[in-house]
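Undergrad: Following is a predicted model, sequence given first.
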Protein chains: 2
Amino acid sequence: MSTNKPLIGAAIIGQSGGPSAVINASAYGVIKTALESDCITKVYGAHHGIMGVLNDRLMIMDEEDPAELELLLHTPSSALGSCRYKIADPETDDTDFKRILEIFRKYNVRYFFYNGGNDSMDTCNKISRYMKQVGYECRVFGVPKTIDNDLFGTDHCPGFASAAKYIATSIMEVSRDSKVYDKGMVTIVECMGRHAGWLTAAAALCKQTGDGPDLIYLPEVDFTMEQFLSDVERVYKERGNCLVAVSEGVHYADGSFVSEAKTSGTDGFGHAQLGGLAVRLAEAVKKDLGVKVRGIELSLLQRCAAHCASATDIQESFNSGKVAVESAIAGESGKMVGFVCDRDNGYTCHYQLFDLEKVANFEKKVPPEWITPDGCNVTDDFIRYCAPLICGETALRYENGLPRFAKLKQVFAE
Amino acid sequence: MSTNKPLIGAAIIGQSGGPSAVINASAYGVIKTALESDCITKVYGAHHGIMGVLNDRLMIMDEEDPAELELLLHTPSSALGSCRYKIADPETDDTDFKRILEIFRKYNVRYFFYNGGNDSMDTCNKISRYMKQVGYECRVFGVPKTIDNDLFGTDHCPGFASAAKYIATSIMEVSRDSKVYDKGMVTIVECMGRHAGWLTAAAALCKQTGDGPDLIYLPEVDFTMEQFLSDVERVYKERGNCLVAVSEGVHYADGSFVSEAKTSGTDGFGHAQLGGLAVRLAEAVKKDLGVKVRGIELSLLQRCAAHCASATDIQESFNSGKVAVESAIAGESGKMVGFVCDRDNGYTCHYQLFDLEKVANFEKKVPPEWITPDGCNVTDDFIRYCAPLICGETALRYENGLPRFAKLKQVFAE
């Protein structure tokens, strides 16, 4: 539903879910565009996502130094604070939504931008639905972010490319390090990705340089320990070394995670907290082959490595925030900004709106045709898809040899 | 003993021990200077350090493309291959030394440069002693490298600063990531360093930016689990979050490593292979405080992160190789190139020769006066010492979004 009637009021931007190296670039796209817009009267940052709305903790972005805000382009993690709060269905329990409406009314909020992944798009969609239902005029927009790259519709997700660039770069470096001795080694690098293997697949990018991993295991393929050990043995015997990239979410045919016994808790959405897989697999290899092993978990490092961010990703992330505000002002609502890309004559990226209803809670996986038939690598089609996304290096500013990240004043409303 | 008589013959450069982000910058300093020198007739790279000499596996550096060699400035790990071979005392068992002499004679080697840490300086010193003893004229030089920063005499060691810069940068990023949620977390980052805590102390560099760790544990201070848990609890209660940097080598008062039960083997020098400490400590905190925890091991990433190298380190590493060759040509031998630095009026670094005899097998630790009395942090004096070393960013070349590392042809002699 598009209308040209200008809607005057305040805007809230919130960030949710796991942070990324460029989620603040998206937020900056929203904040800058909103601050410069005539019909947006005030720009609030919700402290810790939707929790900040529920708790009436709103930071006034108009109070921040513009130069400091610009540093958000190169500042990792969620500068406004994040949360992992699972909101109810408004039809089942509207307590939270009544409170959100109360806050929206209090600050005359007419624009709501939510910057996050699958669960955040779900939250965003529910708020959009509720506001429509109660007849409160408010333009609600999803600004995508997920290093997992698993959002429906869009060609790829802001945040993915920077994590991919970090993973490929680190694997190139680890590859050189792990092959340096006269005696070989099996090195296992664990990447994030519960259900989708995009990040782990990105390790294959350095295949082009000759420093790539020998084997890649994604959650899209059922894992068997026997096949894994046999793959590693084959490569090690052939090349004297073996470098493996494995997704934290690899699982057996019955769906149980290979790292399962190490699971010590769940997050707010009932997801198991994974980790420790690399060490576990390294130990299995050591026991089976008796060779030197090393397990490396990229852990949080891969999702916050702003110093290794992709310039393409930064630009696209900023633009997705900008397009969200422009589209909202133009009358759109209940949408998420996504990318439509062309790789045939160079790389081009266009912005398109996707229905939140369709995006929410759908997980896009690595397509089977991009996984090699033996299940332990990805095809050149994946490389062609991913390679343009990591191009360009960050213009991160350094002071005394260390990154200069944004420091917000955090002036709260009231 | 210095003489001005020009010594004509070939040179061998070898690399040994754990690699670093800039060990190749040192090797390039040796190779470039040797290739340009009139009295050095040929430059060989020993494949896998002293093993390459023993096995007669010498790469002819004269055959390499100069542009490719220059990329060594920004290429991590040991491009010539490394080893962890512990050579005997020539007085006890001279088998290896006879073989080395045989190879030196075969190729008329009159210059030998060994690029590595403590153990490599020991090897270098033994070769120097043996050659003198049998009257074979050969100038033997140590070119220092160790991220551990524990070599005697020199102000600091090539490789340390780049690892320090990577650690401080990563801790800044992880700090932002780990403090993003509305619920707090205890994050434990494990850095390398068996007996010396220099690398872990480097985490304190980001104290200046406000993103530093709350607690720092070095092997220079006896560890007690009770004190550690009490420190973490205090910080967590005070700040709602806690970020800890801990050295892999922290140990109890009886000398046993805290990570000991995880020890699964020893390297060629009888050193225990450490690791898994971060996860172990995180679990102890979780059990004690019942809070969310995350253990992150920087593992190999910290020693091979060429993409995050310090420009100061790259330059000094190159110069140490260059000075080694120039000093050898000038008649010096049995020495290691070290740094003498002044931090009073800006930062200046001068090159000085240290007797290998004194350097070999001595480990320099973080001085007690640079550790805070409570044993869980470092002082500003440490920051003043370390800060200038990480200044400047690498000029690493990128191709298609990924580092362009050197690819050597590896043309072997004979």
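TA: Yep, it's here.

Undergrad: Please count neighbours and contacts with C-alpha atoms only from this point.
TA: Will do.

Undergrad: now stretch A:331-341, how far from the centre of its chain.
TA: Centroid displacement of stretch A:331-341 relative to its chain, using C-alpha atoms, centre = their mean, to the nearest Å, is 17 Å.

Undergrad: no no, stretch A:403-414
TA: 23 Å.

Undergrad: do stretch A:43-50 as well
TA: That offset, for stretch A:43-50, works out to 19 Å (C-alpha atoms, centre = their mean).

Undergrad: ok, residue A:65 - how many residues close by?
TA: Neighbour count for residue A:65, taken as other C-alpha atoms under 10 Å in any protein chain shown: 12.

Undergrad: Quick one: residues contacting it.
TA: Residues near residue A:65 by C-alpha atoms under 8 Å, 6 or more residues apart in numbering or on different chains: none.

Undergrad: Could you verify my assumption that residue A:236 touches residue A:242?
TA: Yes - if you go by C-alpha atoms under 8 Å, residue A:236 and residue A:242 touch, sitting 5.2 Å apart.

Undergrad: Okay, now the unreliable bits of chain A?
TA: A:1-4, A:261-275 (pLDDT under 70).

Undergrad: What number of residues are in the vicinity of the residue in the stretch 251-400 of chain A that chain B sits nearest to?
TA: Taking C-alpha to the nearest C-alpha, chain B has its nearest neighbour within the stretch 251-400 of chain A at residue A:391, 4.1 Å off. Using other C-alpha under 10 Å, residue A:391 has 21 other residues around it.

Undergrad: surely it meets residue B:400?
TA: Yes - counting by C-alpha under 8 Å, residue A:391 does reach residue B:400; the two are 5.6 Å apart.

Undergrad: Give me the sheet partners of the helix or strand encompassing residue A:44 and which way each runs.
TA: For residue A:44, the enclosing helix or strand under DSSP states H and E is strand A:40-46. Using DSSP bridges, the strands paired with strand A:40-46 are strand A:9-15 (parallel), strand A:58-60 (antiparallel).

Undergrad: Toward the C-terminus, what is the element adjacent to the longest one?
TA: In other words, strand A:9-15. Beyond strand A:9-15 toward the C-terminal end (DSSP H and E), the next one is helix A:23-36.

Undergrad: So which residues of the stretch 301-414 of chain A form strands?
TA: A:335-342, A:348-355, A:398-399, A:402-403 (DSSP state E, counting those that start in this stretch).

Undergrad: hmm, back to that, burial measure for the residue nearest to the residue of the stretch 251-400 of chain A closest to chain B when sequence neighbours are not counted, as a count.
TA: Leaving aside its chain neighbours, residue A:391 sits nearest to residue B:401 (4.1 Å; criterion: C-alpha to C-alpha, 6 or more residues apart in numbering or on different chains). Residues lying near residue B:401 (other C-alpha under 10 Å) number 23.

Undergrad: okay but residue B:401 is in contact with residue A:165, surely?
TA: Yes - Residue B:401 is within contact range of residue A:165, at 7.3 Å (criterion: C-alpha under 8 Å).

Undergrad: show me what contacts the residue lying closest to residue A:355 once chain neighbours are set aside?
TA: Among residues not flanking residue A:355 along the chain, residue A:335 sits closest, at 4.7 Å (C-alpha to C-alpha, 6+ apart). By C-alpha under 8 Å, 6+ apart, the residues touching residue A:335 are A:140-142, A:353-356.

Undergrad: Which of those residues has the largest number of neighbours?
TA: residue A:142 (35 neighbours).

Undergrad: Can you pull the phi/psi pair for that residue?
TA: phi -90, psi 130 (degrees, to the nearest 10).

Undergrad: ok, now how distant is it from chain B?
TA: Residue A:142 is 20 Å from chain B, where distance means C-alpha to the nearest C-alpha, to the nearest Å.

Undergrad: in the sheet, who's paired with the residue lying closest to that residue once chain neighbours are set aside?
TA: In space, and not counting its chain neighbours, residue A:142 is closest to residue A:336: 4.2 Å by C-alpha to C-alpha, 6+ apart. Following DSSP bridges, residue A:336 is listed with bridge partners residue A:142, residue A:354.

Undergrad: Could you tell me how many residues sit around residue A:336?
TA: Residue A:336: 30 neighbours (other C-alpha under 10 Å).

Undergrad: Could you do the one 4 residues further on as well?
TA: The local packing count at residue A:340 equals 14, with neighbours defined by other C-alpha under 10 Å.

Undergrad: What are the neighbouring residues in contact with it?
TA: Residue A:340 neighbours (C-alpha under 8 Å, 6+ apart): A:154-155, A:349-352.

Undergrad: what's across from it in the sheet?
TA: residue A:350.

Undergrad: of residue A:236 and residue A:242, who's got more company?
TA: residue A:242 (25 against 19).

Undergrad: partners of the closest residue to the more buried one other than its chain neighbours in the sheet?
TA: Once flanking residues are discounted, residue A:242 sits nearest to residue A:186: 4.7 Å by C-alpha to C-alpha, 6+ apart. Beta bridges link residue A:186 to residue A:242, residue A:293, judged by DSSP bridges.

Undergrad: what do you get for residue A:371?
TA: In beta-bridge terms (that is, DSSP bridges), residue A:371 pairs with residue A:378.

Undergrad: count of residues packed around it?
TA: 22.

Undergrad: So it sits against residue A:380, correct?
TA: No - taking C-alpha under 8 Å as the definition, residue A:371 is not a contact partner of residue A:380, at 9.4 Å.

Undergrad: thinking again about what came up before, of the strands of the stretch 301-414 of chain A, which stretch is the most buried?
TA: strand A:402-403 (a mean of 23; mean count of other C-alpha atoms under 10 Å in any protein chain shown).

Undergrad: Paired strands for it, with orientation please.
TA: When DSSP bridges is applied, strand A:402-403 pairs with strand A:398-399 (antiparallel).

Undergrad: Please tell me how far the partner strand is from the chain's geometric centre.
TA: 26 Å.

Undergrad: Stretch A:367-375 now?
TA: 23 Å.

Undergrad: Can you lay out the strands paired with strand A:40-46 as JSON lines showing distance to residue B:191?
TA: Shown next, in JSON lines, are these (distance: least, C-alpha to C-alpha, whole Å):
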{"stretch": "strand A:9-15", "distance to residue B:191": "31"}
{"stretch": "strand A:58-60", "distance to residue B:191": "36"}
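
Undergrad: Please identify the most buried of those.
TA: strand A:9-15 (a mean of 27).

Undergrad: Touching it from outside, list them.
TA: Against strand A:9-15 from outside (C-alpha under 8 Å, 6+ apart): A:23, A:27, A:30-31, A:34, A:39-50, A:78, A:80-83, A:107-116.

Undergrad: near chain B, which residues of the stretch 151-300 of chain A?
TA: A:165, A:168-170, A:173-174, A:176-177, A:180-182, A:206, A:209, A:296-297, A:299-300 (C-alpha under 8 Å from any C-alpha of the partner chain).

Undergrad: Repeat the analysis, applying 6 Å as the threshold.
TA: Within the stretch 151-300 of chain A, the positions adjacent to chain B are A:173, A:176-177, A:180-182 by C-alpha under 6 Å from any C-alpha of the partner chain.

Undergrad: So which of those residues are in helices?
TA: A:173, A:176-177 (DSSP state H).

Undergrad: Select from those the one having the most neighbours.
TA: residue A:173 (27 neighbours).
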